[in-house]
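>>> Quick one: sequence and predicted model below, then my questions.
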Amino acid sequence: MDILIDTNIILDNLWSRQPYSQNAGEILRLCYQQDCKGHIAAHSITNIFYILRSQFSVSDRKKMLLDLCDFIDVVGIQKKQIIDALNNKEFIDLEDSLQFECAQMINADYIVTRNIADFPNSPIPVILPEDFLKIIKEQK
């Protein structure tokens, strides 16, 4: 099962944001154990690096992201995806539109996010972390 993990899930884990960090950590653990295939958009890497600057040093942020890249695939963005994202009238936020484009590129089974409303009319199921974890549990 391929999932695109939205930036907020990664930040929940790295920042230990309560009450979300437990589910975020469990999703990353499942990816690490290869119970599912986790993907993150390339632009999420730069966003996370920037967002974490107030709490972590440059070397700590680089290590966090390198560790993440050990078991999460990074989905690149090309000019076509940027143009498609800019032209997609379903999205107000460009970052969310780019996430959707990345999910399409990998034929994701799900987009896992806490912000379901940011992905209107998505043909790819958009799911909360706790709902994704229920699906994985039911499959075992």
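Here it is on my side, so go on.

>>> which outside residues touch the helix or strand harbouring residue 66?
Element membership for residue 66 (DSSP states H and E) is helix 58-69. Contact partners of helix 58-69, identified using CB atoms under 8 Å, 6 or more residues apart in numbering, comprise 10, 14, 28, 40, 45, 48-49, 52-53, 56. In this view, the C-beta of every residue, glycine as well, is placed from N, C-alpha and C.

>>> let's go with 7 Å and repeat that
The contact list for helix 58-69 (CB atoms under 7 Å, 6 or more residues apart in numbering) reads 10, 14, 45, 48-49, 52.

>>> Quick one: the helices in the chain, in order.
For the chain, the helices defined by DSSP state H cover 7-14, 21-32, 42-51, 58-69, 79-87, 94-105, 129-139.

>>> Return the angle between stretch directions for the helix holding residue 66 and helix 42-51.
Interaxial angle, helix 58-69 versus helix 42-51 (axes from the mean of the first three to the mean of the last three CA atoms, to 10 degrees): 150 degrees.

>>> Now do helix 58-69 against helix 7-14, angle only.
Going by the same axes, to 10 degrees, helix 58-69 makes 110 degrees with helix 7-14.

>>> Could you list the low-confidence segments of this protein?
Within the chain, no stretch has pLDDT under 70.

>>> go again using 90 as the cut-off
120-121, 139-140 (pLDDT under 90).

>>> contacting residues for the spatially closest residue to residue 26 that is not a sequence neighbour?
Setting aside the residues directly before and after it, residue 26 is nearest to residue 133 in space (CB to CB, 6 or more residues apart in numbering), at 5.8 Å. Residue 133 makes contacts with 23, 26-27, as judged by CB under 7 Å, 6+ apart.
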